[in-house]
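J.: Sequence and predicted structure below; questions after.
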Amino acid sequence: MSSAAQAPDPVQLRRWLQDAAHGDAQAFRALYDATSAKLFGFALRILHKRELAEDVLQESFVAIWHNAASYQSQLAAPMTWLTTIVRNKAFDLLRRSDATVEIDSDPFATDVMNALQDPHATPPDVLQLSSEARALARCLAALEGMQRQAIGLAYFHDLSHSEVAHQLALPVGTVKTWIRRGLERLRRCLAQRERT
């Protein structure tokens, strides 16, 4: 297994960030080499499109270069800080393009199964979960874009209502209302699918 697949050393990342803050291009290159694959994967999970994730990764590293001096190690681990920049750039891209988080039923079902699958589940259990995941993906796709995005951030990315509000640049009350109404629509949609 290559060293790129291992978690980068936080002490070394901090050093590279400090050096990059002073204009050290070699340190910045080392930081990029150590973290870009992981950050690209993170962007891809949010955006689901390789070319969009590549754009966000590039934008993120430009921002990292320009803002390395603002990194404060007492507030966040280096990877947390880098990941936050990538996440913010990814959501900025979604807002700018008025795109929505696309949930394709097959990869979505696979992700849900990977997350929830019990190693002792019987084949009928697995088939039922796959069917339910597809139904959920289809019902989510029927929601309005921003509402779907708010629910996705809250439940698939485990963000609080205030974190979702920050990501979407909306009041917390609006986000809570969207999520509550969206969950109600999902419940009705899923109930209707069960009856058909």
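T.: Alright, I've got the coordinates. Numbering: from 1, shown residues only.

J.: Give the closest residue to the residue positioned nearest the centre of the chain in space, chain neighbours not counted.
T.: The structure's the chain has its C-alpha centroid closest to I46; by Cα atoms, centre = their mean the separation is 3.9 Å. Residue nearest to I46 in three dimensions, not counting chain neighbours: A90, with 4.3 Å by Cβ to Cβ, 6 or more residues apart in numbering. For glycine as for every other residue, the C-beta is placed from the backbone atoms N, C-alpha and C.

J.: can you pull the pLDDT of the one you found?
T.: What the model reports as pLDDT for A90 is 88.

J.: Could you do A99 as well?
T.: With respect to pLDDT, A99 scores 42.

J.: One more: A109?
T.: For A109, the model assigns a pLDDT of 41.

J.: and what of C139?
T.: The confidence metric pLDDT takes the value 83 at C139.

J.: Find the helix or strand that it is a member of.
T.: When elements are defined using DSSP states H and E, C139 is found to belong to helix 123-141.

J.: pLDDT on the next helix or strand after that helix, on average?
T.: As assigned by DSSP H and E, the chain's next helix or strand after helix 123-141 is helix 145-151. In this model, helix 145-151 has an average pLDDT of 81.

J.: residues contacting the residue nearest to I46?
T.: Listed by Cβ atoms under 8 Å, 6 or more residues apart in numbering, the contact set of A90 reads 43, 46-47, 52-53, 56.

J.: what ranges of the chain fall below the confidence cut-off?
T.: Applying pLDDT under 70 to the chain flags the ranges 1-7, 97-133, 196.

J.: Which parts of it are helices?
T.: Secondary structure of the chain (DSSP state H): helices at 10-21, 25-47, 50-67, 78-96, 105-116, 123-141, 145-151, 161-168, 172-195.

J.: From A90, how far out is R148?
T.: From R148 across to A90, the span is 15 Å (Cβ to Cβ, to the nearest Å).

J.: on that earlier part again, isn't the residue nearest to the centre of the chain up against L93?
T.: No - in this structure, I46 is not within contact of L93 by Cβ atoms under 8 Å, at 9.0 Å.

J.: Spatially nearest residue to C189, not counting backbone neighbours?
T.: Closest to C189 by Cβ to Cβ, 6+ apart is C139, at 3.7 Å.

J.: before we move on, what about A169?
T.: Counting by Cβ to Cβ, 6+ apart, A169 lies nearest to R95, which is 7.3 Å off, once chain neighbours are set aside.

J.: Can you give me the neighbour number for that neighbour?
T.: The tally of other residues near R95 (other Cβ atoms under 10 Å) stands at 14.

J.: if we can go back for a sec, tell me the contacts of the residue nearest to C189?
T.: Applying Cβ under 8 Å, 6+ apart, we find C139 in contact with 185-186, 189-190, 193.
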